[in-house]
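S.K.: What follows is a predicted structure for the sequence shown.
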Amino acid sequence: MSETKEAPAAAQDYPADVMDKLVSLCKRRGFIFQSSEIYGGVGAVYDYGPLGVELKQNVRSAWWSEMVHRRDDVEGVDAGILMHPDVWVASGHVEGFTDPLVECRNCHRRFRADTLASDQCPTCGVKGQFTEPRQFNLMFKTFMGAVEDSTSVVYLRPETAQGIFVNFRNVLDASRQKVPFGIAQVGKAFRNEITPGNFTFRTREFEQMEMQFFVEPGTDDEWFETWRDRRLAWVKSLGIRDDRLRLHPHGPDELAHYAKKAVDLEYLLPFGWKEFEGIHNRTDFDLIAHQEKSGKKLEYVEAHSGKRFVPFVIETSIGLDRLVLVLLVNAYHEEEVEGETRVVLRLHPRLAPIKAAIFPLVKKDGMPEIARRIEENLRRSFPVFYDEAGSIGRRYRRQDEAGTPFCITVDGQTVEDGTVTVRDRDTLEQVRVAADSLPGWLRERVEGAPAA
Ligand code: GAP
């Protein structure tokens, strides 16, 4: 969970108030809403709207495809959010998944002690009124069954990783994988963060995409580097800017209790360099801990040699919501076009919620009918959007803000020769394409699009 605290680099080229503008765009265009907004909101939980849910789904599928479908050495699972409470004793979370909490005696606001720069309260400004730090466990507790007592306590999982470790034996037996192999999972995690914030960067409910790769001890250092390089290459393939991306290896004082070595992928957000993925060498910490607590053997027996060992684990852990935020920030651009500010989300075409918008130039001369037929045809393969309202310029601007990579316009020439204009969101170039060939044309540019 490490984050560097240094200030953003001077080279940062964000437009003014970029986070406020992005939050407002996300609400206006239906990417992300505050949870329970009509009741005044609930702290650090967000809902995804029509465009946001598509974007999130595309990112999730891109990760699953990269980590599971395209590999023969990684299997998927989908474990329960509620697990046996002993899981969290064994993993060390009951004892150690804590942050130091202080309270201001004047205004009663609570803070993470390790994020305060001085003894002055950031809310009320009063000095020297913080209580002594106490360790605050970040796991949400609830009760299972009809009786609410200490024997029925269960936790909402704070990471998806443990659902993988407790299924190590099951997957090994069911899949016939051999070490080295991995298990991947995407799912919700919950943390009762003391100081959440920065929009969806740190929330109390979020989704993780994690993969645990089980290897023979002694080969772990090499596998750590392999996965670090693979993960870096993947985030770059999504179009994440090189100059806002860096690796942050953990120093000894930053390592989590389970890790021998760790490196974060960090992005230069408007509020500083921040971690969005961690790659960890978790050694045999988790499997040994579960073996001891459960009494079930979690070792691997090599078929040809009979050699027995408890595998080491290389973990790759990325927050889906945090990656979506990084991708939105990365995609957000403002530019001057013909004296007006154009706001555009340059999302990779594979991730864009809508792949193409279809416009009749005017609402007459058969153009809407042709445009509707094109829409119907394309909708069989892609999420597309039909729009005939307002000037063509306004329609383009609406799609730019939604990140739609292509706008298709039906005009007078379409009626004559069956071609349409296709406008590219990023270059603003327009080309004429035969309407019949649009599905193939679009597929090539969406699925075959190189890294931006
Ligand atoms: N299994 C290891 C693990 O959970 P972590 O560094 O605590 O490690 C991994 O979390 C990733 O999960 C982070 O890099 C981040 O992307 C995401 N994450 C963690 N806490 C989060 C929060 N409160 N809100 C949103 N995303 C979070």
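M.R.: Thanks, I have it. Numbers count the residues shown, from 1 in each chain.

S.K.: Report the contact partners of the residue lying closest to residue 360 once chain neighbours are set aside.
M.R.: Nearest residue to residue 360 in three dimensions, chain neighbours excluded: residue 367, at 3.6 Å (C-beta to C-beta, 6 or more residues apart in numbering). (C-beta placed from N, C-alpha, C; glycine too.) For residue 367, the contacting residues are 360, 361, 410, 411, 414, 415, by C-beta atoms under 8 Å, 6 or more residues apart in numbering.

S.K.: Could you do residue 307 as well?
M.R.: For residue 307, the contacting residues are residue 301, by C-beta under 8 Å, 6+ apart.

S.K.: neighbours of the nearest residue to residue 88 once chain neighbours are set aside, just the number please.
M.R.: When the adjacent residues along the chain are set aside, residue 88 lies closest to residue 94, with 5.0 Å between them (C-beta to C-beta, 6+ apart). By other C-beta atoms under 10 Å, the residues close to residue 94 number 17.

S.K.: Let's verify residue 94: helix, strand, or coil?
M.R.: Secondary structure assignment for residue 94 (DSSP: H, G, I helix; E, B strand; the rest coil): helix.

S.K.: That one reaches residue 137, doesn't it?
M.R.: Yes - in terms of C-beta atoms under 8 Å, residue 94 counts as a neighbour of residue 137; the distance is 7.3 Å.

S.K.: Quick one: name the residues of the stretch 251-400 of the chain near the ligand.
M.R.: Proximity of the stretch 251-400 of the chain to the ligand (C-beta under 6 Å from any ligand atom) is limited to residues 275, 276, 277, 278, 315, 317, 318, 319, 321, 322.

S.K.: Would you reformat those as JSON lines and include secondary structure and pLDDT?
M.R.: JSON lines is the format used below for these (DSSP: H, G, I helix; E, B strand; the rest coil; pLDDT from 0 to 100):
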{"residue": "275", "secondary structure": "strand", "pLDDT": "98"}
{"residue": "276", "secondary structure": "strand", "pLDDT": "98"}
{"residue": "277", "secondary structure": "strand", "pLDDT": "98"}
{"residue": "278", "secondary structure": "strand", "pLDDT": "98"}
{"residue": "315", "secondary structure": "strand", "pLDDT": "98"}
{"residue": "317", "secondary structure": "strand", "pLDDT": "98"}
{"residue": "318", "secondary structure": "strand", "pLDDT": "98"}
{"residue": "319", "secondary structure": "strand", "pLDDT": "98"}
{"residue": "321", "secondary structure": "helix", "pLDDT": "98"}
{"residue": "322", "secondary structure": "helix", "pLDDT": "98"}
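
S.K.: Of all pairs in those residues, which one is the farthest apart?
M.R.: When these are compared pair by pair using C-beta to C-beta, the two farthest from each other are 315 and 321, 18.6 Å apart.

S.K.: Would you mind giving me the confidence score for residue 10?
M.R.: For residue 10, the pLDDT comes out at 40.

S.K.: Please pick the buried ones from the contacts of residue 367.
M.R.: When burial is judged by neighbour count using 16 or more other C-beta atoms under 10 Å, the buried members of the contacts of residue 367 are 360, 361, 410, 411, 414.

S.K.: a markdown table please, covering the residues you listed and showing pLDDT.
M.R.: Compiled in a markdown table, the buried ones among the contacts of residue 367 are given as follows (pLDDT from 0 to 100):
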| residue | pLDDT |
| --- | --- |
| 360 | 98 |
| 361 | 97 |
| 410 | 98 |
| 411 | 97 |
| 414 | 97 |
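
S.K.: List the ones among those residues that fall in helices.
M.R.: Under the assignment DSSP state H, the buried ones among the contacts of residue 367 contribute residue 414 to helices.

S.K.: so where's this protein uncertain?
M.R.: Applying pLDDT under 70 to the chain flags the ranges 1-11, 450-452.

S.K.: could you redo the last one with a cut-off of 90?
M.R.: Within the chain, the stretches falling below the threshold (pLDDT under 90) are 1-13, 114-115, 147-151, 176, 195-197, 256-258, 337-338, 447-452.

S.K.: For the ligand, what's its nearest residue on it.
M.R.: Distances from the chain to the ligand, computed as C-beta to the nearest ligand atom, single out residue 319 as the nearest residue at 2.5 Å.

S.K.: Hmm, residue 207 and that residue touching each other?
M.R.: Yes - under the contact definition of C-beta under 8 Å, residue 319 touches residue 207, with a separation of 7.1 Å.

S.K.: Same drill for these two, tell me which one is more crowded.
M.R.: Each of residue 319 and residue 207 has its neighbours counted (other C-beta under 10 Å); residue 319 has more, 23 against 20.

S.K.: CA-only coordinates of stretch 218-235 in CSV, if you can.
M.R.: Presented in CSV, the C-alpha positions along stretch 218-235 are these (Å, rounded to 0.1, in the frame of the first residue of the first chain):
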residue,chain,number,x,y,z
GLY,A,218,14.6,-20.2,-5.9
THR,A,219,13.0,-19.2,-9.2
ASP,A,220,11.0,-16.4,-7.6
ASP,A,221,13.4,-13.5,-8.3
GLU,A,222,13.3,-14.3,-12.0
TRP,A,223,9.5,-14.6,-12.1
PHE,A,224,9.2,-11.4,-10.2
GLU,A,225,11.1,-9.6,-12.9
THR,A,226,9.1,-11.4,-15.7
TRP,A,227,5.8,-10.3,-14.2
ARG,A,228,7.0,-6.7,-13.5
ASP,A,229,7.9,-6.4,-17.2
ARG,A,230,4.7,-8.0,-18.5
ARG,A,231,2.5,-5.8,-16.4
LEU,A,232,4.4,-2.7,-17.5
ALA,A,233,4.1,-3.6,-21.1
TRP,A,234,0.3,-4.2,-20.7
VAL,A,235,-0.5,-0.9,-19.1
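
S.K.: does any part of it sit near the ligand?
M.R.: No - with C-beta under 6 Å from any ligand atom as the threshold, stretch 218-235 lies outside contact range of the ligand, at a closest distance of 11.2 Å.

S.K.: Which residue, other than its chain neighbours, is closest to the spatially most central residue of the chain?
M.R.: The centre of the chain sits closest to residue 320, judged by C-alpha atoms, centre = their mean, with a distance of 2.0 Å. In space, not counting the residues next to it along the chain, residue 320 is nearest to residue 207; the distance is 4.0 Å by C-beta to C-beta, 6+ apart.

S.K.: What's opposite that neighbour in the beta bridge?
M.R.: Residue 207 has these beta-bridge partners by DSSP bridges: residue 188.

S.K.: now the end-to-end length of stretch 206-224.
M.R.: 25 Å (C-alpha to C-alpha, to the nearest Å).

S.K.: Could you list the buried residues of that stretch?
M.R.: Neighbour counts over stretch 206-224 (16+ other C-beta under 10 Å) mark 206-215, 220, 223-224 as buried.
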